[in-house]
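J.: the following block contains a protein sequence and its predicted model.
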Amino acid sequence: MLEFAVVLPILLLALVGIVEFGRLGSLGVRIAHAARAGAEYGALHPPDAYTLTDWPRLCEQRVREALANQPGIDASLLQVQCTYSVATPVSRSQVEVRYPFTLLIGWNDSPASLTIHRVAVLPVIR
């Protein structure tokens with residue numbers, strides 16, 4: 001019993017740490033996929049004189065669509081920034097996505113939440 005009482009807190013701490021890293025990794029992959037979806041839209045549909053004002057909104061819409069049915073994601077907390085850069089030899093579509101990640105358990109001297117930040121950059125195809 002004494003050995004179990006000594007080892008149990010260590011095992012629970014390891015289990016909670018594994019769950020936290022799993023949640024963080026899973027959410028990071030989903031956010032990266034959404035950023036890639038937005039950058040892909042931007043690369044396939046570059047803005048022109050007629051669509052320049054609507055292009056960032058459409059790009060952000062693709063990001064939000066990619067995360068629409070994902071469990072545990074609050075769309076109101078999602079921050080998306082879509083930019084288009086004209087460069088030589090190729091132009092680029094860039095999408096930055098930020099999302100706050102709240103920890104299940106507060107650790108000593110650790111923040112209560114982290115910000116997941118993913119950037120996707122793709123060359124424009126035309």
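T.: Structure's in. What do you need? Residues are numbered from 1 along each chain as shown.
J.: show me what contacts the nearest residue to residue 110 once chain neighbours are set aside?
T.: Once flanking residues are discounted, residue 110 sits nearest to residue 103: 7.1 Å by Cβ to Cβ, 6 or more residues apart in numbering. All C-beta atoms are positioned from the backbone trio N, CA, C, and that covers glycine. Taking Cβ atoms under 8 Å, 6 or more residues apart in numbering, we find residue 103 in contact with 20, 110-114.
J.: from those, which land in strands?
T.: Counting by DSSP state E, the members of the contacts of residue 103 that fall within strands are 113-114.
J.: of the contacts of residue 103, the lowest pLDDT goes to which?
T.: Checking pLDDT across the contacts of residue 103, the minimum falls on residue 110 at 70.
J.: closest one of the contacts of residue 103 to residue 31?
T.: Minimum distance to residue 31 across the contacts of residue 103 is 11.9 Å, recorded for residue 114 (Cβ to Cβ).
J.: phi, psi for the residue nearest to residue 110 please.
T.: Dihedral angles of residue 103 (phi, psi; degrees, to the nearest 10) stand at phi -70, psi 150.
J.: hmm, who's touching stretch 67-75?
T.: Contacts of stretch 67-75 (Cβ under 8 Å, 6+ apart): 27, 30-31, 34, 64, 78, 99.
J.: how much space between residue 7 and residue 13?
T.: Distance of residue 7 to residue 13, given as Cβ to Cβ, to the nearest Å: 11 Å.
J.: confirm residue 121 sits in a strand?
T.: Yes - per DSSP: H, G, I helix; E, B strand; the rest coil, residue 121 lies within a strand segment.
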